[in-house]
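> Kindly return the folded structure for what I paste below:
(2 chains)
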Amino acid sequence: MSLLKPFSKLPGLNSANILLVESEEQFQQSLADALVEETTFTVNVRLAKSLPLPVENEESRPRIDLVVFIINLTSELSLQSAEASLKCLDPGYFLGKVCFMVTNARSAAAPVERLDVARKLAASLHCPLLFAEDQTPDGVTNATERLLTILKVAAGLVPMATALYLSNLTRSTVPPDIEQPSFN
Amino acid sequence: MFKSVSGFCLLRPISTPDMERHRNSVTSKSKSYRMSYRSSLGAAASRLGLTPALTGRRLDTRRRAPKSHNITEKVNPEQLALLTKTEWQLSYVTPLYRFRHTQLKSYSGQLSAFIAAGKQQGLAVEVFDPQTAFRVSFSVVQGMTESDDDADTVLIQIHSKPLFARQDEPQKTVWSGLLTCVNANPEYLRSLPEYFICLPLFGSSGAEGLTALVKSWFQQSFDCCFGPLEISHTSLQWLMALWTNCHTESSIQHLKMIWTLPAVPPLQVTYTVNPEDAWELWSSVRKTRDKRGGEEEENCIDIEEVTSFMQGLKSHFYRHFKLDLSAGSLNQVSTALGSAKSSGRMKISNSRYMITTLALLTECALFKMPI
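The predicted structure is shown next:
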């Protein structure tokens, strides 16, 4: 099985490559359109439904600086597909080059237990967990800005900061009473 | 709003004993009322200043298997018929201030006057026919409480009476409502200050205009808040498992699920399972976990059993139709014992399991309540 490796290729000059993985393939489109608007450096956005990525593009694919898993909490399949895709990433990615983005967390159709699972997943992998709102353009803009902050560090464009250093500050934690049932 | 709750909780350890004595009568009541579920259950971490997670509350992961309660003797048959034949739209209610079960007659009068006033003002015009008058009746349903701490269930009915009717013409019930609390957490009930009654589950059936009027009357008279109660995916799974568990005692006749898949156009799947097959699947799931012995364990159902039951049904569907139901959302579960929709509509058709179903719904209502 081909793992996606973080340091097997050379980086590009003043550019950053981001991979958005989403099983519904909806939010990634609007997010990609907003991400390429960035002017200070070149952002290359790659979209995928799940990992592993097709072998045919192995040669032409640049070095991926940040992998973002977009999980829609209203669908169980989204979470399962993200969990399955995690196995196809080289462990080197988990030193600050992976990020989880969760949408529809406040929706009534999203049970609280699914958010717990996503939280525990992000906390066990020491990755940041971002909450995004995908229906309005403002929400997309906010999500883009947050991703760009992490992307700049992961691509090495910020002096004196590395992805591993940033991950110590941004990694998600699980609240201490998460396991405690409230009743009886 | 929630930040101030944690602020209140912090005051407790800091104040000295002398200040306590002065403040006790005035502030202790409001403090204990503000003591949310999180802190009342000894989640000490939240009192020490860590951000109390709003999502720190969880539904039970283990439940007792439903016992059939024969409540037909204890409850008035007319009221029971009303309870089992109606499909209720559920909401949650915050605790009611100074609601007394002894004053129901005066409440009926007040609510009738309120509805008549609403009619005069022109609210909810579609409901009000100029020829009819409304009469409200509040009644207590005895025999539905599981523990002594629970308040008695209150049933509200609005009858319409044409102004020029004959004496013997029967009155039609145009709207019914239900306020209930079954098996709520006793610690929470004890932490409520005086004069507050906790009846967190509200069901309504009838015209929307009348529902809105009744809710606004309750909000004005008892200083409470209403909110919609959706039945989450997990609760629907629990209901499915609990009903299937009762198959040996009273047959469920069929297990029907309605899923919506996000295709273009959205695809609606109705998945009906034969009761015997559902029972076989459920008992095989239970058997694999039955390695621990003992009476107590046999009656408890874990959330893992419920999820593996659901997983078995979904993988069976996938094997035949190549459609993964995880991609969609479960909208409705129904058996002969009742039906539940994710939008919050609930019908309990069998009186024997009414208590346990209402207990689960009370827990959902308490879970969803902001305080």
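> can you list the weak-confidence ranges in the chain?
All of this is about chain A. Along chain A, segments meeting pLDDT under 70 span A:1, A:177-184.
> Hmm, no, I was thinking of chain B.
Looking at chain B by pLDDT under 70, you get B:1-74, B:123-131, B:146, B:163-170, B:289-299, B:371.
> domain assignment for it?
As assigned by automatic domain parsing, chain B contains the domains B:11-17+B:232-362, B:95-224.
> Reformat those domains as JSON lines; add distance to chain A.
(Glycine included, C-beta is placed from N, CA and C.) Below are these laid out as JSON lines (distance: least, C-beta to the nearest C-beta, whole Å):
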{"stretch": "domain B:11-17+B:232-362", "distance to chain A": "4"}
{"stretch": "domain B:95-224", "distance to chain A": "5"}
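> Those: which one's closest to residue B:77?
domain B:11-17+B:232-362 (9.6 Å; C-beta to C-beta).
> Please give the centre-to-centre distance between that closest one and its chain.
Counting by C-alpha atoms, centre = their mean, to the nearest Å, domain B:11-17+B:232-362 is centred 16 Å from the centre of its parent chain.
> which stretches of the stretch 251-371 of chain B form helices?
In the stretch 251-371 of chain B, the segments counted as helices under DSSP state H, counting those that start in this stretch are B:275-288, B:295-299, B:303-321, B:354-368.
> Format the domains of chain B as JSON lines; extra columns: mean neighbour count.
JSON lines is the format used below for the domains of chain B (neighbours: other C-beta atoms under 10 Å in any protein chain shown):
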{"stretch": "domain B:11-17+B:232-362", "mean neighbour count": "17"}
{"stretch": "domain B:95-224", "mean neighbour count": "17"}
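> Go ahead and name everything in contact with stretch A:56-63.
If you take C-beta atoms under 8 Å, 6 or more residues apart in numbering or on different chains as the criterion, stretch A:56-63 is touched by A:2, A:6, A:7, A:8, A:9, A:10, A:11, A:12, A:17, A:44, A:46, A:53.
> try stretch A:97-109
A:6, A:27, A:64-74, A:82, A:89, A:110, A:115, A:118, A:121-122, A:125, A:127-134, A:143, A:147, A:150, A:154, A:163, A:172, B:230, B:232-233, B:329, B:342.
> Filter the residues you listed down to just the buried residues.
Neighbour-count burial (16 or more other C-beta atoms under 10 Å in any protein chain shown) applied to those gives A:6, A:27, A:64-74, A:82, A:89, A:110, A:115, A:118, A:121-122, A:125, A:127-132, A:134, A:143, A:147, A:150, A:154, A:163, A:172, B:230, B:232-233, B:329, B:342.
> Run through who's touching whichever strand or helix holds residue B:245.
Assigned by DSSP states H and E, residue B:245 falls within helix B:233-245. The set of residues external to helix B:233-245 that reach it, using C-beta under 8 Å, 6+ apart, is A:109, A:111-113, B:59, B:63, B:65-66, B:231, B:252, B:255, B:257, B:278-279, B:282, B:301, B:303, B:305-307, B:309-310, B:329-330, B:333, B:335, B:337-338, B:340, B:342, B:353, B:356-357, B:360, B:364.
> Recalculate using a threshold of 7 Å.
Contacts of helix B:233-245 with the rest of the structure, by C-beta atoms under 7 Å, 6 or more residues apart in numbering or on different chains, involve A:111, A:113, B:59, B:63, B:65-66, B:252, B:255, B:278-279, B:282, B:301, B:306, B:309-310, B:330, B:333, B:335, B:337, B:340, B:342, B:356, B:360, B:364.
> what does stretch B:340-359 give?
For stretch B:340-359, the external contacting residues (C-beta under 7 Å, 6+ apart) are B:66, B:68-72, B:80, B:83-84, B:87-90, B:144, B:146, B:180, B:182-183, B:201, B:228-231, B:236, B:239, B:242, B:246, B:250, B:330-333, B:336-339, B:361.
> can you tell me which of the residues you listed are in strands?
B:88, B:89, B:90, B:180, B:201, B:228, B:330, B:331, B:332, B:333, B:338, B:339 (DSSP state E).
> Can you spell out which helices and strands pack onto the one helix or strand residue A:69 maps to?
Per DSSP H and E, residue A:69 falls inside strand A:66-72. In terms of contacts (3 or more C-beta pairs under 7 Å, 6 or more residues apart in numbering or on different chains; DSSP states H and E), strand A:66-72 is packed against strand A:15-22, helix A:76-86, strand A:98-103, helix A:137-154.
> Can you report how many residues lie near the nearest residue to residue B:225 once chain neighbours are set aside?
Spatial nearest neighbour of residue B:225, excluding adjacent residues (C-beta to C-beta, 6 or more residues apart in numbering or on different chains): residue B:94 at 4.7 Å. Neighbourhood size, residue B:94 [other C-beta atoms under 10 Å in any protein chain shown]: 19.
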